[in-house]
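# Got a sequence here, can you build the structure:
(3 chains)
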Amino acid sequence: MAQARSLTQNPPQSASAARSDSWGTRIKTSILGYGLILPSLLVFLTFFYGPAIFLAYIAFFHWNIFSANSTFVGLGNFLKLFHQPVFWQSLLNTAYYVVVLVPVTALLALALALLLREGLSRRGGGISRAFIFLPHVTPVVATSIIWVWIFNPQFGLANTVLHFLHLPALNWLESVHWALPSVMVYTLWHSVGLYTVLFLAGLASIPRSVIEAATTDGAHGWRMFKRVFWPMLGPITFFVVVLASINTMQTFSQIYTLTGGPHGGAGGPAFSTTTDSLLIYQTAFLYLHFSLASAMSIILFILIMTLTLIQKWVADRFVFYR
Amino acid sequence: MRNAFRLRTLLLIVLPVLFFIPIYWTFVIAVGYHGAAYHLPPVWTPLFHWGPIIYVLTHTHWPRYVFNTVGITAATIVLVLFTSALAGYALAEIPFKGHSLYFLLVIGVMMLPQQALLVPQYVVLFHLHMLNTYAAMVIPFAANSSSIFLFRQFFKKIPVSFHEIARIEGVSTLRYIFRVAMPLAKPAVATSVLLTFIAAWNQFQWPLIMTNSPQIQPIELALSHYMQTYEANWRELASAALIALSPILIVFAFTQKHIVQAVAGGDLNAKD
Amino acid sequence: MASIEFRNVSKMFGSQRVLAPTHLGIPNGEFFTVVGPSGSGKSTLLRLIAGLEVPSTGEILFDGERVDNKPAYSRNVGMVFQNYAIYPHMTISQNMSFGLEAQKIPKAQINQKVKEVAKILEIDGLLAKRPGQLSGGQKQRVALGRALVRNPRVFLMDEPLSNLDTQLRERMRKEIRLLHETFQITTVYVTHDQTEAMTMADRICVVNGGEIQQIGTPEDIYQHPANIFVAKFFGSPAMNVIAGRLVPYKETLAFEPEHDPERLSPLPADLAARGREHVLDGPVFLGFRPEAVGQETSGTAWEIPFVPVTIESLGSHYQIHGQWCDQPISLSTSIRPVRERHKVLNLLIPWTDVHWFYEDGSRINFAAPVRVRQEA
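Prediction:
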C-alpha cells in the first residue's frame, strides 16, 4: 500500500524524482524486484499459502465442494471426527509407525554413515554410498511393485530368507500384525540413504584435528564413537530424528501401493495400515467428506508444524552440514 | 583389529548389494522367462528376453504415459529454472521493499506439511478448472524454494561489476539474468534440474488426486492402476516398472555424486 | 565525445555523506584523473557520471545537457572496471558485441566494428578465445575494446591497472594515453596511485573524505599543493612537513619548530614581510620536498640539522631517512652521501622551495589576499 501511495505522490518522471535520491530510484528498483518475484510468488500464494488459509475455513464449516451453501459449525467437524473409531485407529497406527520406524531409521543411518565414513577414503567408497542412497530417488510405485512380490507369502524373497534362517513364515502384507511393519521395511529401504547422507555430512564437519587428537590418545572403535562422534553428532542426530518424523508422519505413496489392490483396499487389512495421510485421502477423495478431512488435516498440520518449527530452530542454531 | 577391518570391508560390499537387490530383481523378472517370479529358489541371472518390455512399449498405452511423464517433467524443469533464476536474482541483488518478507515466504513454503494441504489444494484446483489438466501437474511445482535459494547463493558470488557493465551497455535485467548470471551459476542450474527431475518424474500422490483422466496420467499413476488390474502378470508389471525406473537409474548413474551432495547440502525437506 | 559538468552534485548513502556538494567542469577531450585514498569518494564520483548512482542533490551535464535523470545506458559512456568485468563464459568477440546486440544493431555491423577495434588494440587474434586463456594485459585490452566498440561519448576507468604487475602497468599507462590521443574521448580515470595520476593526466582532481581538495595540472598540483593532504599525497618520499609557530624575532619573524623550540629560524626579509600579513604569532606548517635539499639558490636558505639513519640507493639517486631531533626527515639526492650514520649534518633548503600551510592544513598563498579568518 505504501508503494502505491508514494507512486502517486511522486511520479518518477518529475524533476524532483531523481534528486531526492530515493523515491524515483527506489520505486523503480522495487517494481523490478516485484516483477522478478511475481511468477514464484503467484505459485506459492495460489497453491500453498492460499490453500493453507482456506484449510482453516473449510474445517470450521459444513461445506460441500459442489454446492455454494456452507454453514458455520465451529468445532462440529472435530467432534464428529472424534466419534469415528477409525480416526483414533489411524492416529494409533501413525504413532506406531513413527515411533518404531524413526529410531530404527536413525540408528541404521548412523551405523551406515560411520561405516561409509571409513569406506569413503578407500577405492569404491563413493559407489557404496551411491548404492545405499539410490533407493531414495527411485519412484515409489515402481519399486513398491517389486516389494509386493518380495513380501509374497508363497514365493516371496522375504519368506525365503526367513526359511533359510529357520524362522516361521509370515503373511506380511496380508497380515493384520505384519502389514504395517512390512511398510516400515520398505520405507527403511527407501529412505535410510537420505539420512545416511545427512549423517555423513555431519561427520564430515567434525574437524580433522579432533579425530586425530583422539586417535593419538589411542581411542578407536567404540571408545572413539563415544568420545568423539556421538557428542559431535548430537545436533545432527536430533535434526535427523525430527526430519524423519516429519517425513514418516506423511508417508502415503508406499502405503497406498503396498496395501492396495487385492489386499482389501489401501489401508488394510482391517485398517491396520490406515495412517493419518491415508485416512485424509480416503475421507476426502473416496467418500468426499471434505470438511471432515479438513479437520483431520488441521490436526496433522499443527502436529507437523510444531515438529518443523523445532527442526528449523535446531537447523538455524547448528548449521553444520553446509 | 585386522578382523574388524575385514568385517567392515565385507559390509561395505555386502550392504550396498543388499540395497540394490530389489532394483536388480525388477530387471531380472522383466527380462526373464514367464513365471520366473514364482521360481523357487529364485533365479538370479537375467535372461535378456526383451519381448515383454517391447510388448508393453508397443501394445499398450505406456508410450502415452511415458510421453506424459516426460512432458510434465520437462515443463516443470524449464519453469522451475525460469522462476528460480528470477526470484533468486531479486533476492540476491535487488533491495526491493518487502525483500525480507518474501524471503520468509520462500522459507515458509518448505515448512508447510504437504499431506495436510491436499484437501484445500484440490478445492483450489477445482475452482480454477485445473483438475485433469497438464497444467495441474506442472504449475503448482513451477516454483521451488530450494532452487530459489540455490540461485540466490550463486548469484551473490558474481561480481557486482558484471551487472553494472550490462547496465551501462543497455542490457536489460532479464537478458542479463539469462545470458550472463545463469550461465555463471551452472552448479545451481545442474542441481535444480536434477532435484526437479527426480521430484517430477516420481510424482504419484498429486496426480492420483488431481486427475482421473488416463490421457494425462503420468507413468507412476498408470503403474498403480495397472498393478491393481494385472497383479498376476508379473513380467509385464516388472517391465512397466523398469520403464518408470530406467531414466532415474541412468541419470543417477552419471550424476550420483552431484545428487548426493545436493541432497546433503540443499534439499533437506525431501519427502518420502 | 562530450564535456562533463557537475553542478552542486552531492551523494548520501543513508545518513552518510560520501560526496560533498561538488562543482566540476571537464572540457571535451580532456584526460582527467581522480585520485585519492580508498574510501575518499573518488569511485562514487565516477559512478555518478556513469549513471550507476543517482546524485542526492545537483545536476550532471554532458555537453550542457542534463543526464543525471537519465538511465546509465542512454548516457553512452564506456567503462572499464578494476576487475575488467569480462564475462568468463563468453568468447572475447561475444564479450565485445554483447552490449551492441542488446541495442539491436545489425550483426554484420557489429562484427565489423568489433574487428576494427580489435585490430587497433592488437587483440584481433584473440577474438575466438575465452577470457580464461588471456593474460592480465590482454584482458585489460579487451575491457578497453568492449568500451570502445560503442563509440562512447565519455570514457570512465575505475582503477583499471591495479590488477597488473608493475612493468605491465607502465606499458598500459602509455597505451591508454596513446589511445586517448588517437580517439580524443573525454576520459575520467580513477586511481589511488599518485604516479599513475601524475603521468597520465591533463588535469588531476585530488579527493579526500568526500571532498575535492584540488584540481589542477600535474605540475600545478606538485608545485602548489592546496593543502598538506595534497602536498603529502604526491611525491615519494612524501613532503617533509614540520609544525611550529611564527614568532617575532628582532626586526623580523622567525620559525619556531614545535619539536625543537630552541632553534629559531629567522625568515628572510621579504618572506617575513608577507608572512606578517598572513599569520602573526600563530601556528603554521612548513613543508619541503625531499629533493629540495641542497638545491642551488640565489637567495637565502633554511638551515636545519639532520641525523641520517638509513640510506637507500636507487641507482640514479639516493633516499636518506633520518631525524631532526624526533622529527623524521627524508631526503632525496643524486650526490652519493657519505656513509656515516648518526653524524649531524646541516641541511640547506632554499626558502623559495618551502611550502607554507595554515594550522588547518590549507596553503598559505603569499600572492593572494589575506584570508578573512586570519584577519578576525
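# Now do the helix or strand encompassing A:Glu118, average pLDDT.
According to DSSP states H and E, A:Glu118 maps onto helix A:85-120. For helix A:85-120, mean pLDDT is 91.
# C-alpha coordinates for the very next helix or strand once past it, PDB please?
Using DSSP H and E, the helix or strand that follows helix A:85-120 in sequence is helix A:125-137. Taking C-alpha atoms only, helix A:125-137 is exported to PDB below (Å, rounded to 0.1, in the frame of the first residue of the first chain):
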ATOM      1  CA  GLY A 125      33.700 -46.000  -1.200                       C
ATOM      2  CA  GLY A 126      31.700 -43.500  -3.200                       C
ATOM      3  CA  ILE A 127      30.000 -46.400  -5.000                       C
ATOM      4  CA  SER A 128      28.900 -48.000  -1.800                       C
ATOM      5  CA  ARG A 129      27.400 -44.700  -0.700                       C
ATOM      6  CA  ALA A 130      25.600 -44.300  -4.100                       C
ATOM      7  CA  PHE A 131      24.000 -47.800  -3.800                       C
ATOM      8  CA  ILE A 132      22.700 -47.100  -0.300                       C
ATOM      9  CA  PHE A 133      21.400 -43.700  -1.400                       C
ATOM     10  CA  LEU A 134      19.900 -44.800  -4.700                       C
ATOM     11  CA  PRO A 135      16.600 -46.200  -3.400                       C
ATOM     12  CA  HIS A 136      15.700 -42.700  -2.100                       C
ATOM     13  CA  VAL A 137      15.500 -41.300  -5.600                       C
END
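# Is helix A:125-137 in proximity to chain B?
Yes. For helix A:125-137, a contact with chain B is found by C-beta under 8 Å from any C-beta of the partner chain, at A:125-137. Any C-beta I mention is one placed from the backbone N, CA and C, and that applies to glycine too.
# Mind checking which of those are buried?
Buried residues within the residues of helix A:125-137 next to chain B, counting neighbours by 16 or more other C-beta atoms under 10 Å in any protein chain shown: A:125, A:128-137.
# Redo the residues you listed as CSV? Include distance to chain C.
Below are those laid out as CSV (distance: C-beta to the nearest C-beta, whole Å):
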residue, distance to chain C
A:Gly125, 33
A:Ser128, 36
A:Arg129, 32
A:Ala130, 30
A:Phe131, 35
A:Ile132, 36
A:Phe133, 31
A:Leu134, 33
A:Pro135, 37
A:His136, 33
A:Val137, 29
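# Tell me which residues are up against stretch A:288-304.
Contacts of stretch A:288-304 from elsewhere in the structure, counted by C-beta atoms under 8 Å, 6 or more residues apart in numbering or on different chains, are A:52, A:55-56, A:58-59, A:61-65, A:73, A:77-78, A:80-81, A:87, A:246, A:249-250, A:276-277, A:279-280, A:283-284, B:113, B:115-120, B:123.
# And for stretch A:272-282?
A:86-87, A:89-91, A:93-94, A:97, A:176-177, A:179-180, A:183, A:249-252, A:255-256, A:258-259, A:266-268, A:293, A:296-297, A:299-300, B:115-116, B:118-119, B:205, B:209.
# Any of the residues you listed buried? List them.
A:87, A:89-91, A:93-94, A:97, A:179-180, A:183, A:249-252, A:255-256, A:258-259, A:266-268, A:293, A:296-297, A:299-300, B:115-116, B:118-119, B:205, B:209.
# Could you identify the buried members of the contacts of stretch A:288-304?
A:52, A:55, A:58-59, A:61-63, A:73, A:77-78, A:80-81, A:87, A:246, A:249-250, A:276-277, A:279-280, A:283-284, B:113, B:115-120, B:123.
# Now residue 88: closest residue in space, sequence neighbours ignored.
No chain in the question, so chain A it is. In space, and not counting its chain neighbours, A:Trp88 is closest to A:Phe82: 8.0 Å by C-beta to C-beta, 6 or more residues apart in numbering or on different chains.
# you looked at the wrong chain, it should be chain B
Closest to B:Gly88 by C-beta to C-beta, 6+ apart is B:Phe151, at 2.7 Å.
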